[in-house]
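Undergrad: Just to be clear, the model below is a prediction. Sequence and coordinates:
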Amino acid sequence: QVQLVESGGGLVQAGGSLRLSCAAPGRTFTNYAMGWFRQAPGKEREFVAAISWSGISTYVADSVKGRFTISRDNAKNTVYLQMNSLQPEDTAVYYCAADRRSMGWTTQREDYDYWGQGTQVTVSS
């Protein structure tokens, strides 16, 4: 079992930036593809971004393309989600996830094996 811990959420004004981090204390996920999802109140959890184990290949959802960037530092065993130009519609709980069966990225929620508890991101207008 891999426990994922997200951090970096908070309250920000529209147009602002936040950087989310995801770590696995005491464990390594350098061989896992990783992803970020989000869930707004009353909505289903949706895909945001994913990254291959090496960090070479990434993919972001159309809704955040050009504003959000996913990256990873395997030496630090950490995955990041840089969020710029935040808008009120980005308000959600953001979750980090790990896919232990694949080294390439995936957008499918059911492909991920481990999930963090989430971190709240609130964007005020």
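TA: That came in fine, so what should we check first? Numbering: from 1, shown residues only.

Undergrad: Phe29 touches Asn77, doesn't it?
TA: Yes: the criterion here is CB atoms under 8 Å, and Phe29 meets it with Asn77 at 6.7 Å. C-betas here are computed from N, CA, C, even on glycine.

Undergrad: Looking at the two, which has the bigger crowd around it?
TA: Legend: neighbour count by other CB atoms under 10 Å for Phe29 and Asn77, higher for Phe29 (23 against 16).

Undergrad: Spatially nearest residue to that one (excluding sequence neighbours)?
TA: Excluding its sequence neighbours, the residue lying closest to Phe29 (CB to CB, 6 or more residues apart in numbering) is Ala98, at 5.0 Å.

Undergrad: pLDDT wise, what is the one you found at?
TA: Note on Ala98: pLDDT of 95.

Undergrad: Name all residues that make contact with the closest residue to Leu81 other than its chain neighbours.
TA: Closest residue to Leu81 apart from its sequence neighbours, by CB to CB, 6+ apart: Leu20 at 4.2 Å. By CB atoms under 8 Å, 6 or more residues apart in numbering, the residues touching Leu20 are Glu6, Ser7, Gly8, Gly9, Trp36, Tyr80, Leu81, Met83, Tyr94, Cys96, Thr119, Val121.

Undergrad: if you set the cut-off to 6 Å instead, what comes out?
TA: Gly8, Leu81, Tyr94 (CB atoms under 6 Å, 6 or more residues apart in numbering).

Undergrad: The strand or helix carrying it pairs with which strands, parallel or anti?
TA: Taking DSSP states H and E as the criterion, Leu20 maps to strand 18-23. Strand 18-23 pairs in its sheet with strand 5-7 (antiparallel), strand 78-83 (antiparallel), by DSSP bridges.

Undergrad: Make a markdown table out of the ones you listed and add mean pLDDT, distance to Lys65 and mean neighbour count.
TA: Shown next, in a markdown table, are the strands paired with strand 18-23 (pLDDT from 0 to 100; distance: least, CB to CB, whole Å; neighbours: other CB atoms under 10 Å):
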| stretch | mean pLDDT | distance to Lys65 | mean neighbour count |
| --- | --- | --- | --- |
| strand 5-7 | 97 | 21 | 16 |
| strand 78-83 | 97 | 12 | 23 |
